[in-house]
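A.B. asks: take this sequence and fold it.
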Amino acid sequence: QVQLVESGGGLVQAGDSLRLSCAASGRTFSADSMGWFRQAPGKEREFVAKITWFGSTNYADSVADRFTISKNNGKNTVYLQMNSLRPEDTAVYYCAARSANFRGGPYEYEYWGQGTQVTVSS
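C.D. replies: Presented below is the predicted three-dimensional model:
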């Protein structure tokens, strides 16, 4: 089984920055892609960013100019640097990962973390 553990959430003010981390552990696992999703109160979970093993990235339009996803393959860890945070970024942020054998769409993931709360006050 693969476990994903997020960290780095918290309460910040608008304009501040936060860096989320997600470490994958468990059985031998090499992530083909890792990503971040978020879910605000009363809303569906939405895609934020993803990065492949080779470093190719993709972002939601709402965060593309403010957030940066990066990774450390050797540590099976993915990061999300969030700058210029806005109140509308308030949500639970979930880390996700998929192996090369996973048969799902490009925004579907195999493993999920428990989530970390990010709250941005105005």
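A.B. asks: name whatever forms a beta bridge with the residue lying closest to residue 57 once chain neighbours are set aside.
C.D. replies: The shortest distance from residue 57 to any non-neighbouring residue, by Cβ to Cβ, 6 or more residues apart in numbering, is to residue 51 (4.9 Å). In this view, the C-beta of every residue, glycine as well, is placed from N, C-alpha and C. Taking DSSP bridges as the rule, residue 51 bridges to residue 34, residue 57.
A.B. asks: okay, and the residue sitting nearest the centre point of the chain sits in which element?
C.D. replies: Ranked by distance to the mean C-alpha position of the chain (Cα atoms, centre = their mean), the top residue is residue 36 at 2.1 Å. In the assignment (DSSP states H and E), residue 36 maps to strand 31-39.
A.B. asks: what's that strand packed up against?
C.D. replies: Under the contact criterion of 3 or more Cβ pairs under 8 Å, 6 or more residues apart in numbering; DSSP states H and E, the helices and strands touching strand 31-39 comprise strand 18-26, strand 46-52, strand 67-72, strand 77-82, strand 91-99.
A.B. asks: the nearest residue to residue 116 once chain neighbours are set aside and residue 82: what is the separation?
C.D. replies: Sequence neighbours aside, residue 9 is the residue nearest to residue 116 in space, at 3.4 Å (criterion: Cβ to Cβ, 6+ apart). Separation of residue 9 from residue 82 (Cβ to Cβ, to the nearest Å) stands at 10 Å.
A.B. asks: can you check residue 51 too?
C.D. replies: 15 Å.
A.B. asks: which one of those two has more residues nearby?
C.D. replies: Neighbours were tallied for residue 51 and for residue 82 using other Cβ atoms under 10 Å; the higher tally belongs to residue 82 (26 against 22).
A.B. asks: got the confidence number for the closest residue to residue 75 other than its chain neighbours?
C.D. replies: Beyond its immediate neighbours in the sequence, the residue positioned closest to residue 75 (Cβ to Cβ, 6+ apart) is residue 23, lying 6.8 Å away. The score at residue 23 is 92. That number is its pLDDT.
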